[in-house]
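Colleague: I would like to see how this sequence folds:
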Amino acid sequence: MTFTNHISDLLYRYECVILPGFGAFLSHNQPARIDEKTHTFYPPGKQLSFNKQLQVNDGLLANHIAKSENCSYETALQKIRAEVHQLKSALEQNQSVAFKNIGVISTFNGNTLFEPYNTVNFLSDAFGLSSFVSAEVSRNKTVEKEPEVISLPVRKPVPYIKYAAVGLLVLGLSGFGRMYYLNNQTAQYNLAEKQKATQQLETQIQQATFVVSGSLPSLTISVKKPSGKYHVVAGAFRIEENALTRIDELKAKGYPARSLGVTKYGLHQVVYGSFHDKNEAIATLRLVQANENKDAWLLMQELE
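Modeller: Now for the predicted structure:
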């Protein structure tokens, strides 16, 4: 496989790497774990899988090949198409296809099977960590002794403490009474000032009265919401800026292009247009495939 190194480099940084026209390699983070039977500790890593349904070019692999091999984007796409053609031919002849450090893809009864190697940890945060076996640790249980209860003699209270408590109570009541008096005086003062400020405000409002004659004209704005559940897809882009650039290019050619939003794989889908009628959508798809983009495809999805 010619592009194995490029796919491996991207798997360290991205969770989805699409080989256009063939499928996508997906990575899922998994935490560190312990095998209790073998006493083996495994560091955190990424579990690889393969999805045959994700074949639309998102530009990630092609851009990486173009930069790494110092060639144009179109040249990189041609290399990818040639490689994918060889891979599909091998699978049609019931031959397995090996991707170094990634896994093996084969077919059985018309189904595509993927077996990851799990020899390389694609989680960059776990770089340098490896699994290790630890010997079983035996622990001796110790029995804790119950604490001894020591009884202390109880002393009788001194009589003068009672009189001190009475004195403190009298001082507290006198202080509370004075505080209540001050709070009452403050509340009355605040109420008087609030009434004075309210009266001044009402006087100013009466002096600043405006009269508007006639009624204001009503403004009606109609916004046309995109509709249609049949969409002719131009491509899916991981970088939003690339998706916006593609939309501007299609609009310049006369297509009502727009974005359908972000998929669950983090891809920005761009469409040539959306249609209510299925036959109209299919006719547009055939026209686009014949003159514009042979990789365009039809998506049926209800808009929210």
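Colleague: C-alpha from now on. contacts and neighbour counts both.
Modeller: Fine.
Colleague: what sits against residue 116?
Modeller: Counting by Cα atoms under 8 Å, 6 or more residues apart in numbering, residue 116 makes contact with 48-49, 102-104.
Colleague: over to residue 5?
Modeller: Contacts of residue 5 (Cα under 8 Å, 6+ apart): residue 100.
Colleague: hang on, it in a helix?
Modeller: Yes: assigned with DSSP: H, G, I helix; E, B strand; the rest coil, residue 5 falls within a helix.
Colleague: between the contacts of residue 116, which is nearest residue 37?
Modeller: residue 48 (24.5 Å; Cα to Cα).
Colleague: next one: that closest one from residue 25, what distance?
Modeller: 7 Å (Cα to Cα, to the nearest Å).
Colleague: how about residue 84?
Modeller: Taking Cα to Cα as the measure, residue 84 and residue 25 are separated by 14 Å.
Colleague: same check, this time on residue 110
Modeller: 19 Å.
Colleague: give the helix, strand or coil label for residue 250.
Modeller: helix.
Colleague: so who does it touch?
Modeller: Contacts of residue 250 by Cα under 8 Å, 6+ apart are 256-257, 272.
Colleague: most neighbours of all the contacts of residue 116, which one?
Modeller: residue 102 (24 neighbours; other Cα atoms under 10 Å).
Colleague: go ahead and confirm it touches residue 122.
Modeller: No: with contact defined as Cα atoms under 8 Å, residue 102 does not count as touching residue 122 (9.6 Å).
Colleague: okay, and the helix or strand of this protein with the least pLDDT?
Modeller: helix 160-207 (a mean of 57; mean pLDDT, DSSP states H and E).
Colleague: any weak-confidence spans in the protein?
Modeller: Applying pLDDT under 70 to the chain flags residues 1, 35-36, 39, 41-42, 124-227, 304.
Colleague: which residues in it form helices?
Modeller: 4-11, 60-68, 73-92, 160-207, 240-252, 278-291 (DSSP state H).
Colleague: isn't residue 53 up against residue 23?
Modeller: Yes: using Cα under 8 Å, residue 53 is in contact with residue 23, at 6.2 Å.
Colleague: so the two - more neighbours on which side?
Modeller: Remark: of residue 53 and residue 23, residue 23 carries more neighbours, 18 against 10, as counted by other Cα under 10 Å.
Colleague: check the contact between residue 11 and residue 122; I expect there is one.
Modeller: Yes: with contacts counted by Cα under 8 Å, residue 11 reaches residue 122, the gap being 6.4 Å.
Colleague: of those two, which one has the most company?
Modeller: residue 122 (27 against 22).
Colleague: can you pull the contacts of the more buried one?
Modeller: Contacts for residue 122 were tallied using Cα under 8 Å, 6+ apart; they are 11-12, 45-46.
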